[in-house]
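Chemist: Kindly return the folded structure for what I paste below:
(one chain, ligands or ions: 3)
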Amino acid sequence: MITVMKFGGTSVGSAEAIQRVANIIINTEGDKVVVASAMSGITNFLVGVVDNPTKDVDAIVEQFANKHLMAAEQMFDGEIMAEFRKEFDIRLEKFKEALQENPGDPYYKDLITSQGERFSTLMLAFYLKKMGHEAVALTAETAGICAVGLPLSGSADLIATENGMSMKVAPVLDKGIIPVITGFYGIKDGVPLTFGRGGSDYSAAVVANALNADMLEIWTDVDGFMTSDPRFIKSAIKIDEMTFGEAAELAYFGAKVLHPRTIEPVRVKHIPLKVRNSFKPQEPGTLIHNIKKKGKSLLKSVATKNDLAIITVSSAELAYRPEMMAAIIGKIAESNIIIYSISTSLSTIAMVIDNADVSTVIKKLNELSGKNIERIDVNNNVSLVCCVGDDLLSKCGVSGDIFTAVKEAGANVEMISEGASDVCLNFIVPMDKVMDVVGALHDKYIG
Ligand code: ADP
Ligand code: ASP
Ligand code: MG
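Modeler: Ligands and ions are numbered 1, 2, ... in the order given. The predicted structure is shown next:
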């Protein structure tokens with residue numbers, strides 16, 4: 001039985017947290033493979049280093065080292081500390097060299113922001129050793145996690161990773177050693193490529209896929225996958241079980257508890273996933289698998305995605321010119337921009353994209369100027385609300401119930417996407433109303 005256990009930033013954010021997760025690991029039966037994020041705050045610090053460059057590399061390295069050493073000093077002393085410092089200093093030297101690479105390189109930000117995971121995993125592996133368990137800190141490089149794609153938004157190459165890990169990690173497991181692997185990035189052409197913010201969940205799913213694990217556990221700082229974001233909806237409660245499809249839709253449309261790409265690598269191999277609280281290991285968490293259990297309420301969970309825009313392109317009789325429709329979407333695809341929702345009429349197509357992508361999309365669409373685009377309208381600052389529930393598509397009156405609650409929250413629905421998935425109904429509202437809408441839906445149909 002192989003369990004892949006992923007620990008997020010807050011779960012490895014201090015000496016106490018690392019000690020707590022080490023206990024969780026050793027109390028887990030069978031073979032364990034650990035994937036860890038950087039200590040909380042570290043990746044944000046590294047993003048700041050790249051976004052606000054200074055010449056003072058030594059000051060950056062010192063600040064970075066101190067945060068880790070403060071925790072390490074609470075955990076290690078004597079011989080084990082000396083051994084830890086030797087490996088820590090090698091990694092620190094590599095971090096310093098990385099900072100001096102060319103900031104103009106397209107993968108420079110991936111190289112720098114992926115550094116934190118190398119240090120959290122080292123501390124965790126050493127703490128496991130201190131507790132008398134054989135453990136080794138591996139990086140994506142030494143574990144064989146291969147990536148493809150563009151800077152800051154890589155994907156794993158699942159086949160190459162499976163090959164790499166069967167050579168590099170399986171033999172470690174066979175010897176009874178616990179591998180502690182860096183999350184967040186893979187290796188493309190010899191250099192780090194990150195999987196997007198929060199990407200360690202995805203790394204862990206990729207590792208579970210590559211090793212044909214029996215279970216993936218995502219250990220975080222809440223009791224499980226909840227009925228809504230507990231930071232905003234105080235009455236949110238933990239969901240006991242959900243399907244891969246439900247979890248995937250919610251994660252894609254904003255439920256931050258899982259990186260949006262976490263589900264697919266485990267779904268294809270039927271590996272169940274649990275979301276659990278590393279601060280309350282006695283809690284069972286949420287089980288995500290392919291067995292559907294009917295819930296009692298209309299909705300199971302509501303997620304939101306903010307900072308979106310609706311971009312509406314008008315072009316006469318667009319519906320009769322499918323090649324024009326394809327050209328519009330093709331132009332957007334050329335910039336690798338995600339379209340979250342689409343709605344069409346005779347002469348318009350409306351698409352939901354990230355606010356940050358609006359200027360790029362307009363520039364790309366202007367390249368179609370010879371093809372009679374009549375107008376481009378932009379509605380900035382909107383949010384998508386994703387409602388997930390059992391068989392939403394086949395239940396009569398669901399939309400009526402949902403939009404009654406939206407009306408009661410005083411929000412105007414700007415666009416609707418229903419029917420694409422049988423578990424979710426999505427719609428767009430102004431961003432300043434989104435929390436009222438979610439609160440109303442939660443009170444009425446979940447809470
Ligand atoms: P980690 O560092 O462990 O990866 P994250 O901060 O990325 O943790 O994700 C956990 C956080 O996700 C929770 O603290 C919670 O605030 C937020 N969250 C948003 N939506 C949900 C949801 N539906 N269920 C649980 N947590 C959610
Ligand atoms: N450390 C990375 C981040 O903060 C990856 C992760 O936490 O999953 O985005
Ligand atoms: Mg996360």
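Chemist: which SS state does residue 128 fall under?
Modeler: Under DSSP: H, G, I helix; E, B strand; the rest coil, residue 128 falls in the helix class.
Chemist: Point out the residues in the protein that sit beside ligand 3.
Modeler: Contact residues (C-beta under 5 Å from the ion) of the chain with ligand 3: 8, 198. To be clear about C-beta, it is placed using only N, CA and C from the backbone, and glycine gets the same treatment.
Chemist: tell me which helix or strand of the chain sits lowest on mean pLDDT?
Modeler: strand 415-418 (a mean of 90; mean pLDDT, DSSP states H and E).
Chemist: What residues sit buried inside that one?
Modeler: 415, 417 (16 or more other C-beta atoms under 10 Å).
Chemist: Parallel or antiparallel, list what pairs with that strand.
Modeler: Applying DSSP bridges to the sheet, strand 415-418 is found paired with strand 424-430 (antiparallel).
Chemist: returning to that earlier point: can I get the least confident helix or strand of the chain in PDB? Just the C-alpha atoms.
Modeler: In PDB, the C-alpha atoms belonging to strand 415-418 read as follows (Å, rounded to 0.1, in the frame of the first residue of the first chain):
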ATOM      1  CA  MET A 415     -24.000  35.600 -18.000                       C
ATOM      2  CA  ILE A 416     -25.000  32.000 -17.400                       C
ATOM      3  CA  SER A 417     -23.400  28.700 -18.200                       C
ATOM      4  CA  GLU A 418     -25.600  25.700 -17.600                       C
END
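Chemist: For ligand 3, what's its nearest residue on the stretch 151-300 of the chain.
Modeler: Taking C-beta to the ion, ligand 3 has its nearest neighbour within the stretch 151-300 of the chain at residue 198, 3.9 Å off.
Chemist: if we can go back for a sec, what does the least confident helix or strand of the chain rub up against?
Modeler: Outside strand 415-418, the residues that touch it by C-beta atoms under 8 Å, 6 or more residues apart in numbering are 310, 341-343, 350, 352, 392-393, 399, 425-428.
Chemist: Ranking by neighbours, what's the top pick from those?
Modeler: residue 428 (27 neighbours; other C-beta atoms under 10 Å).
Chemist: ok, it - contacts?
Modeler: Counting by C-beta under 8 Å, 6+ apart, the residues that residue 428 touches are 308, 310, 341, 352, 382, 383, 384, 385, 413, 414, 415, 416.
Chemist: List just the nearest of the residues you listed to residue 239.
Modeler: residue 385 (17.6 Å; C-beta to C-beta).
Chemist: if I look at that closest one, how far off is residue 405?
Modeler: 10 Å (C-beta to C-beta, to the nearest Å).
Chemist: cool, residue 88 as well?
Modeler: From residue 88 to residue 405 the distance is 53 Å (C-beta to C-beta).
Chemist: cool, residue 197 as well?
Modeler: 31 Å.
Chemist: again, but for residue 99
Modeler: 51 Å.
Chemist: and what of residue 337?
Modeler: 31 Å.
Chemist: if you count what's nearby, which of these two comes out ahead?
Modeler: More neighbours surround residue 405 than the other of residue 337 and residue 405, with 21 against 17 (other C-beta under 10 Å).
Chemist: Please report the confidence value the model assigns to the more buried one.
Modeler: What the model reports for residue 405 is a pLDDT of 94.
Chemist: Need the residues that contact whatever helix or strand it lives in.
Modeler: Assigned by DSSP states H and E, residue 405 falls within helix 398-408. With contact meaning C-beta under 8 Å, 6+ apart, helix 398-408 is reached by 298-299, 387, 389, 392, 413, 418, 425, 427, 429, 437, 440-441, 444-445.
Chemist: got the angle for it vs strand 424-430?
Modeler: Per axes from the mean of the first three to the mean of the last three C-alpha atoms, to 10 degrees, the angle that helix 398-408 makes with strand 424-430 is 20 degrees.
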